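[1] attaching a predicted model along with its sequence, questions to come.
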Amino acid sequence: MTRFEIILQKFGDKGEKTGWTYIEIPAHIAHEIKPDCKVSFRVKGTIDNHQNNPNCSLLPNFAV
C-alpha cells in the first residue's frame, strides 16, 4: 500500500471540469502505483480515514 500526504486541488474556470476536486501526485509516487502511466488514472482508497469515491482521479505531475 502506498501512503503519502497531499493537499487536495480544485479546478478553477476550466470548462466542464470547473469546480472538480483532484489530487496531483509526484511522478515517483505515480510510478509506484501504476508504472509507466503518464496520464490521469482512477484509484480506490481512503483520505483522512474516509473511504473515497471509487472514481477518484490522480494526476501525475511530471513537470517537477
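    Yes, it's here. Numbers count the residues shown, from 1 in each chain.

[2] distance check, the closest residue to Val39 other than its chain neighbours against Tyr22.
    The shortest distance from Val39 to any residue other than its chain neighbours is 7.5 Å, reached at Pro60 (C-beta to C-beta, 6 or more residues apart in numbering). Quick note: C-beta positions are derived from backbone N, CA and C, even for glycine. To Tyr22, Pro60 is 11 Å away according to C-beta to C-beta, to the nearest Å.

[3] residues in contact with both of these two, list them for me.
    By C-beta atoms under 8 Å, 6 or more residues apart in numbering, Pro60 and Tyr22 have these common neighbours: Ser40.

[4] higher neighbour count, the two?
    Neighbours were counted for Pro60 and for Tyr22 using other C-beta atoms under 10 Å; Pro60 has more, 20 against 15.

[5] can you pull the contacts of the more buried one?
    Glu24, Ile25, Pro26, Ala27, Ala30, His31, Cys37, Lys38, Val39, Ser40.
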